[in-house]
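In: Okay, sequence plus prediction incoming.
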Amino acid sequence: MATEPKEFASNPRRKALRWLGLIGLGSGVAALGLGSLLKAPNFFIVPPKTLRVKVVYFQMSQYVSVGQEYFDVSSPASIGDLMEAVVQRHPSLSGMTSSMTTVVGGVPEASTDPLNDGEEVDLVPMMAGG
């Protein structure tokens, strides 16, 4: 076990001042580190919240190889924003999106209607027949 020099052992005031000096030095270093962190340009920028939305494709097996999939879109988002993401992932749907019916919770929605996290969006293509 290391022994303290004689002047520290006999003088508790010096010992206390030494500890206070070390604590002050550590606080100064911590403050400098925090100061540089606060100067970072993106420190106060909050990342955008994302919404996870399930998309179900009805009768589109010739255009899309999956029956359903999930999309993460930035909040706030509309049906139109989701459709842009769908077309980006599946370019074969680009000509069909304007004639598609989008159904959320059993109700047809417009492209300007907002989306909520966890919603299921059904994409139904226009059917021809007679």
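Out: Yep, that arrived. Numbering: from 1, shown residues only.
In: Run through the helices of this structure in chain order.
Out: Taking DSSP state H as the criterion, the chain contains helices spanning 6-10, 12-38, 79-89.
In: Check the ones you listed for me: which has the lowest mean pLDDT.
Out: Looking at the helices of the chain, the lowest mean pLDDT belongs to helix 6-10 (a mean of 56).
In: Using the record's assignment, carve the chain into domains.
Out: Following automatic domain parsing, one finds the domains of the chain at 6-38, 50-124.
In: okay, these, which one's buried deepest?
Out: domain 50-124 (a mean of 15; mean count of other C-beta atoms under 10 Å). Using the backbone N, CA and C atoms, a C-beta is placed for each residue, glycine as well.
In: What pLDDT does the model give the closest residue to Glu69 other than its chain neighbours?
Out: Spatial nearest neighbour of Glu69, excluding adjacent residues (C-beta to C-beta, 6 or more residues apart in numbering): Val55 at 5.9 Å. Predicted confidence (pLDDT) for Val55: 94.
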